[in-house]
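In: pasting the sequence and the predicted model now:
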Amino acid sequence: MSGHPVVTSLTALLSEAFVLTRSEQTEHYRSGWRSGQGEALAVAFPQTLLQLWETLEVCVKQNCIIIMQAAKTGLTEGSTPSGHDYDRDIIVINTLAMNDLVLLGNGEQVLSFPGTTLHQLETALKPLGRAPHSVIGSSCLGASVIGGIANNSGGALVKRGPAYTELALFARVTEKGELELVNHLDIPLGDSPREMLQNLQTGQFDKQWLPTTRKASASDYEARLRDINANTPSRFNADTSRLYEASGCAGKLAVFAVRLDTFKTARKEKTYYIGTNNPDVLTNLRRDILGTFKHLPEVGEYMHRDIFDIARDYGKDTFLSVKHLGTQRLPKLFALKGRIDAVLNKQSWLPDFLSDRIMQGIANCFPSHLPARLTAYRDLYEHHLILKMSDDGITEADTYLAEFFSQNHQQGDYFSCSEEEAASAYLNRFAAAGAAIRYQLLNQQHVGDMIALDIALKRNETNWVESLPDSISQHIDQSLYYGHFFCHVFHQDYVLKKGADAKEVKAAMLALLDSREAKYPAEHNVGHLYKAEDGLAAFYRELDPTNTFNPGVGKLDKHKRQCGCC
């Protein structure tokens, strides 16, 4: 493929070092984090915003499909090719090299470039006493800021809602097939694309906080969350009120920069660990806090006992890595692991998933890593809630929890966490998703495929604990439940029994969720695993009338469209 005209043009633009064509070189960038893979003519790594624009120019001129990619941490195959049934050559454009970050004013807002990570943003804001939209979970995996915006990602912070902005600089392909750059940052950068990108790259613009009527965050989310009697979810990917240009675009645009709000950090925080065997206890607690508290929680993370066990036993290496190595090194370690796996998994004489087996074995050599009170609550209670309050909300929670459990002592209990206990509770929760995957990988001789769903329940839903009919449950080895409790967004991972048909089981599960009026996916976007709802599909077609960018997401057509009306 090195002699292909597109590859020749990209190599002349970027150099051979930043254009990969050999299958073994590109496999990591063509493969989803959990699942999915496809073919690509090349993977390009532009180093500047201007190079990104020129790379897009080459691809559009040569009638190529463009798949934008940053950290590739998505769970629904949305930033990689999928299958072999495309009608044009595919170029994957990886944007991680363009990771500049610009603080506006005194850090009240920021400009994030395509490769800027959540961890990088969090680190830059910390000395200013401010924080980004998300500071937990995927930030530890190196997820990009723009990736979160493009996928309306949620997160564990109760007050913040989905990642959202109406302020972005992006490229699109028009109905006429022409590439254009749109500046909706509300920051003057110049007139031509090259002038705008050069000024942005070199910082030649006003870095004060500039007034704008456009939103830079989901500022109405707290009011929406408090509407506990609403018959709709608080947040989900296909919510048309959250789809705006770059926000929710799912790679149907090439986003060069986004402008985002930041938030003051709390003066003090306190974490409570709550356990019960009666889910109604947590239902009442949620409705009381959202409906009556003056100050909402910072975090409210739910874990069922079964996922607590899986995270403890199969997420121990993740727990210890974050605790002792910190989050900054994890993105490179995950990328290195992916490349090693790509080589090792091709060696028939080696055991499958050798790196995971080695990491699991090393982790098992370490002593128990969870504090005694957490493991004691695991033995006592089926349902666990990690509740973090801040500032004046701490007094509210102290008073409420003491009174609530004194009147319901037989229904459960709670304790105020030490710093060590709080950190361990959050790390065990963070390790849950990867641990479920590890469990399935290392037990494939006994279990079947894995189904991973993230769902949004209605705000007034009280029967939030799933009850599966025998026709479904008979096929399941493990049902693993965890999620963002106050938002009523749950992650539900199912490890199937050996021989179970994953497609049939998933279809039955989705039909059951439809009957409950749940929405899915809630925060991981449709990718290539879910069918886009009509409103979301129309949004994709409006952004990308010729179907040049990331065709096929939402199970839509992969073929070229000639105009916006097709």
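Out: Happy to help now that I have it.
In: residue boundaries of the strands in the stretch 151-300 of the chain?
Out: For the stretch 151-300 of the chain, the strands defined by DSSP state E, counting those that start in this stretch cover 168-173, 179-183, 254-261, 263-264, 269-276, 299-304.
In: want to throw those into JSON lines with mean neighbour count?
Out: Placement of C-beta: from N, CA and C, glycine included. Below are the strands of the stretch 151-300 of the chain laid out as JSON lines (neighbours: other CB atoms under 10 Å):
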{"stretch": "strand 168-173", "mean neighbour count": "24"}
{"stretch": "strand 179-183", "mean neighbour count": "16"}
{"stretch": "strand 254-261", "mean neighbour count": "26"}
{"stretch": "strand 263-264", "mean neighbour count": "14"}
{"stretch": "strand 269-276", "mean neighbour count": "21"}
{"stretch": "strand 299-304", "mean neighbour count": "24"}
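In: can you put the ones you listed in a markdown table and add distance to Q62?
Out: Converted to a markdown table, the strands of the stretch 151-300 of the chain look like this (distance: least, CB to CB, whole Å):
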| stretch | distance to Q62 |
| --- | --- |
| strand 168-173 | 13 |
| strand 179-183 | 12 |
| strand 254-261 | 16 |
| strand 263-264 | 43 |
| strand 269-276 | 53 |
| strand 299-304 | 47 |
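In: want to throw those strands into TSV with distance to R235 and mean pLDDT?
Out: Formatted as TSV, those follow (distance: least, CB to CB, whole Å; pLDDT from 0 to 100):
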stretch	distance to R235	mean pLDDT
strand 168-173	20	98
strand 179-183	26	98
strand 254-261	17	98
strand 263-264	17	95
strand 269-276	23	98
strand 299-304	14	97
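In: would V92 count as being in a strand?
Out: Yes: counting by DSSP: H, G, I helix; E, B strand; the rest coil, one finds V92 located in a strand.
In: that one against E39, yeah?
Out: No: counting by CB atoms under 8 Å, V92 stays clear of E39, with 10.2 Å between them.
In: which of the residues in stretch 236-250 are buried?
Out: For stretch 236-250, the neighbour count (16 or more other CB atoms under 10 Å) marks 236-239, 242-250 as buried.
In: for the residues you listed, which one is nearest A124?
Out: For the buried residues of stretch 236-250, the residue nearest A124 by CB to CB is A246; the value is 20.7 Å.
In: quote the end-to-end distance of stretch 147-155.
Out: This stretch, stretch 147-155, spans 13 Å end to end (CA to CA, to the nearest Å).
In: likewise for stretch 541-548?
Out: Start-to-end, stretch 541-548 (CA to CA) is 10 Å.
In: contacts for that stretch next, please.
Out: 59-60, 65-66, 172-175, 177, 245, 249, 252-253, 549-550, 557-564, 566 (CB atoms under 8 Å, 6 or more residues apart in numbering).
In: show the buried residues in the residues you listed.
Out: Among those, those classed as buried by 16+ other CB under 10 Å are 59-60, 65-66, 172-173, 245, 249, 252-253, 549-550, 558, 560-561.
In: tell me the least confident of those?
Out: Across the set of the buried ones among the contacts of stretch 541-548, R561 stands lowest in pLDDT, at 88.
In: excluding chain neighbours, give the residue nearest to that one in space.
Out: Of all residues not flanking R561 in the chain, N547 sits nearest, at 4.6 Å (CB to CB, 6 or more residues apart in numbering).
In: do N199 as well
Out: The spatial neighbour of N199 that comes closest, neighbours along the chain excluded (CB to CB, 6+ apart), is L189 at 4.9 Å.
In: so who does R130 touch?
Out: 107-108, 262-265.
In: how about it, phi and psi?
Out: The phi and psi values for R130, taken as degrees, to the nearest 10, are phi -130, psi 160.
In: how much space separates it from E108?
Out: Counting by CB to CB, to the nearest Å, the separation of R130 from E108 is 8 Å.
In: now do the shared contacts for the two.
Out: Contacts common to R130 and E108, judged by CB under 8 Å, 6+ apart, are T262.
In: which parts of stretch 376-390 are buried?
Out: 377-378, 381-390.
In: pick out the most distant pair among those.
Out: E382 and S390 (28.0 Å).
In: quick one: the helices in the stretch 201-350 of the chain, in order.
Out: Secondary structure of the stretch 201-350 of the chain by DSSP state H, counting those that start in this stretch: the helices cover 221-226, 279-292, 305-314, 316-325, 330-344.
In: buried deepest among those, which one?
Out: Comparing these by mean neighbour count (mean count of other CB atoms under 10 Å), helix 305-314 ranks first with a mean of 22.
In: from A12, how far out is A44?
Out: Distance, A44 to A12, by CB to CB: 12 Å.
In: these two: which has the busier surroundings?
Out: Neighbours were counted for A44 and for A12 using other CB atoms under 10 Å; A44 has more, 29 against 11.
In: now name the helix or strand holding the closest residue to E298 other than its chain neighbours.
Out: Spatial nearest neighbour of E298, chain neighbours left out: K388 (4.5 Å); criterion: CB to CB, 6+ apart. In this assignment (DSSP states H and E), K388 forms part of strand 383-390.
In: what sits up against that strand?
Out: In this structure, residues lying in contact with strand 383-390 by CB under 8 Å, 6+ apart are 266-279, 281-282, 285, 295, 297-305, 308, 377-378, 396-397, 422, 425-426, 429, 485.
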